[in-house]
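S.K.: coordinates for the following, if possible.
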Amino acid sequence: MVKPVAAWLTIASTSNWKSLHELRLTWRNTDSTKGLTIFNIKGNKYRLIAIVNYGSHTMIVKELITHSEYNEKEWNK
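M.R.: Model prediction:
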């Protein structure tokens with residue numbers, strides 16, 4: 001899991017996304033729900049859940065969980 005997350009961190013830290021649309025041009029398997037941005041990591045094996053502020057180009061990572069843990073929670077309901 002370390003390499004895929006490190007790759008995500010490298011991409012995220014050097015990007016200046018202005019919208020979810022722009023973010024998806026870089027990281028296409030990304031969803032947004034309830035003010036959170038959900039990144040699919042390592043072929044959808046993991047979910048990285050973050051708050052993305054496009055205006056200030058900042059991001060707060062809330063959780064990094066497995067796909068099955070994601071499905072157990074109420075993230076997308």
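S.K.: from here on, just use CA atoms for contacts and neighbour counts.
M.R.: Fine.
S.K.: ends of stretch 27-42, what's the gap?
M.R.: 12 Å (CA to CA, to the nearest Å).
S.K.: typed the wrong thing, it's stretch 49-65
M.R.: Span of stretch 49-65 from end to end, CA to CA: 8 Å.
S.K.: tell me the buried residues in it?
M.R.: Buried residues in stretch 49-65, defined by neighbour count with 16 or more other CA atoms under 10 Å: 49, 50, 51, 52, 53, 64.
S.K.: mind putting those residues into JSON lines with distance to residue 73?
M.R.: Shown next, in JSON lines, are the buried residues of stretch 49-65 (distance: CA to CA, whole Å):
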{"residue": "49", "distance to residue 73": "12"}
{"residue": "50", "distance to residue 73": "15"}
{"residue": "51", "distance to residue 73": "17"}
{"residue": "52", "distance to residue 73": "20"}
{"residue": "53", "distance to residue 73": "23"}
{"residue": "64", "distance to residue 73": "13"}
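S.K.: and the helices in the chain?
M.R.: 2-14, 20-26, 67-72 (DSSP state H).
S.K.: minimum distance to residue 45: which of those helices has it?
M.R.: helix 67-72 (5.4 Å; CA to CA).
S.K.: the closest one - contacts with which helices or strands?
M.R.: strand 46-53 (3 or more CA pairs under 8 Å, 6 or more residues apart in numbering; DSSP states H and E).
S.K.: paired strands for the strand it packs on, with orientation please.
M.R.: Note on strand 46-53: by DSSP bridges, its sheet partners are strand 36-41 (antiparallel), strand 58-66 (antiparallel).
S.K.: pLDDT on the last one, on average?
M.R.: Okay, so that is strand 58-66. The predicted model gives strand 58-66 an average pLDDT of 94.
S.K.: quick one: low-confidence residue ranges for this structure.
M.R.: Scanning the chain for pLDDT under 70 picks out the ranges 1, 74-77.
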